[in-house]
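[1] Quick one: sequence and predicted model below, then my questions.
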Amino acid sequence: AGTGEKGLEDALTTCSHLATELNTPINSILPFSTGVILEHLPMEKLLAGLAPAVKRLDANSWKSAAWAIMTTDIAPKAYATSVTVESKDIQITGISKGAGMIHPNMATMLGFIATDAAISQPILDAINKQIADLSFNCISVDGDTSTNDSFIIMATGKANNVEIASEEDPAYQDIFNALLETAQYLAKAIVRDGEGATKFITVNVKGATSNAEAKAIGYAIAKSPLVKTAMFASDPNLGRVLAAIGYASRDCKSLEDLNVDDIQLYFGDVLVAENGGRAVSYTEEAGQAIMDNSEIDISVVLNRGNDKATIWSCDFSYDYVRINAEYRT
């Protein structure tokens, strides 16, 4: 990002060299990259690495590919599953990378999923968008959106099964569910590997009048520095979560008439707030017991509609500041 005409030339040069190595048309090559904004890629090293990489191409190299795309990631992220369609096993494998600058619309991440199912291009396009909105567009590490990101699904058709050409096809839902399972695992793996993260947080918002409402509240909680630092400290600071719910109307105007008296807030299975105040049954000990866990569920029940959303996030630790302070040095 921000590399001007030379950056475009570098991308095209990369595609041209790889097309030559693979003996394939240049328009069949797609370039993907993340990195320091305004910094050019080390083209001499990159181009020198293409031929050795091509020689090492192998059907079992998913793990190596997962390692290769890492930046500030601590661990590679990969997932595989299968589904049986008309007595044939359909394989689905995916890898992703990302740890910081993570927030929709997507993030500083790369995600690649491949399946040997036969799926028509229009249906695959639709599936890709739906799955992105239910996975990689539901995660937030630090609230910072990206300048560079990519998520693609490839369907090779090599399983020789009947092509899925519409949502009404019998195998559609099973394959969609398996692709979604893969994407959500990879998306959540990014959050678990969030820069300096010590806690994995699931924010469930229910009873909204629209998915947009539910997501706006989920994002407000997930990206709040005050909520995230409280989570790191294992501090059941209820007010920080409630405050985030309150200002979510900045991003979703329909929430301007939200009645706080109707809201129920849960930490895990513990009701912590209702009727506009602290729940009568709540005790600090019960809240603390939830906050001491490494995985924390926050549930917000709005009681104003039937839509819902789930957002995955993590805490802010001292290491998040250290990693980003040292990122270029």
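    Right, received. Where do you want to start? No experiment lies behind these values; they were computed from the predicted model shown. Numbers count the residues shown, from 1 in each chain.
[2] Could I get the full set of helices for the stretch 201-329 of the chain?
    211-222, 225-232, 238-247, 284-291, 318-325 (DSSP state H, counting those that start in this stretch).
[3] Tell me which of those lies nearest to E168.
    Closest to E168 of the helices of the stretch 201-329 of the chain is helix 211-222 (CB to CB; 23.6 Å). The way it works is simple: take the backbone N, C-alpha and C, and place the C-beta from them, glycine included.
[4] Please report the distance of M154 from A233.
    Look at M154 and A233: by CB to CB, to the nearest Å, they are 43 Å apart.
[5] mind listing what's buried in stretch 149-162?
    Buried residues in stretch 149-162, counted by 16 or more other CB atoms under 10 Å: D149, S150, F151, I153, A155, A159, N161.
[6] so the longest helix seen in the chain versus helix 211-222, what angle?
    Ordering each helix of the chain by length in residues (DSSP state H) puts helix 172-192 first. Angle, helix 172-192 to helix 211-222, by axes from the mean of the first three to the mean of the last three CA atoms, to 10 degrees: 20 degrees.
[7] what's helix 172-192 packed up against?
    strand 77-85, strand 88-97, strand 110-115, helix 121-134, strand 139-140, strand 200-208, strand 307-314 (3 or more CB pairs under 8 Å, 6 or more residues apart in numbering; DSSP states H and E).
[8] Mean pLDDT lowest where, among these?
    With a mean of 90, strand 139-140 has the lowest mean pLDDT of those.
[9] Please state the offset of stretch 305-313 from the chain centre?
    Relative to its chain's centre, stretch 305-313 lies at 15 Å (CA atoms, centre = their mean, to the nearest Å).
[10] likewise stretch 269-280?
    Distance, stretch centre to chain centre, for stretch 269-280: 30 Å (CA atoms, centre = their mean).
[11] next one: stretch 24-41
    In this view, stretch 24-41 has its centroid 21 Å away from the chain centroid, taken as CA atoms, centre = their mean.
[12] The longest helix of the chain to helix 121-134, inter-axis angle?
    For helix 172-192 against helix 121-134, the angle by the same axes, to 10 degrees is 40 degrees.
[13] buried residues in helix 172-192?
    By neighbour count with 16+ other CB under 10 Å, helix 172-192 contains the buried residues 172, 175-176, 178-179, 181-192.
[14] Over to stretch 233-247?
    For stretch 233-247, using 16+ other CB under 10 Å, the buried residues are S234, P236, N237, L238, R240, V241, L242, A243, A244, I245.
[15] And those, which is closest to A286?
    Among the buried residues of stretch 233-247, P236 lies closest to A286 (CB to CB), at 8.6 Å.
[16] what residue ranges in the protein are flagged as low confidence?
    Where the chain drops to pLDDT under 70, the residues are 106-107, 162, 329.
[17] Spatially central residue in it, please.
    For the chain, the residue nearest the mean C-alpha position is F136 (2.8 Å; CA atoms, centre = their mean).
[18] Enumerate every residue touching the nearest residue to that one once chain neighbours are set aside.
    Using CB to CB, 6 or more residues apart in numbering and skipping the chain neighbours, the partner closest in space to F136 is A187 (4.8 Å). Going by CB atoms under 8 Å, 6 or more residues apart in numbering, A187 touches S96, G111, S135, F136, C138, I139, W312.
[19] How much space separates K129 from N27?
    Distance from K129 to N27, by CB to CB: 23 Å.
[20] Neighbour count: the two, which is higher?
    Neighbours were counted for K129 and for N27 using other CB atoms under 10 Å; K129 has more, 12 against 8.
[21] Tell me who's in contact with the more buried one.
    No contacts exist for K129 under CB under 8 Å, 6+ apart.
[22] distance of it from I153?
    Distance, K129 to I153, by CB to CB: 10 Å.
[23] any residues in contact with both of these two?
    By CB under 8 Å, 6+ apart, no residue touches both K129 and I153.
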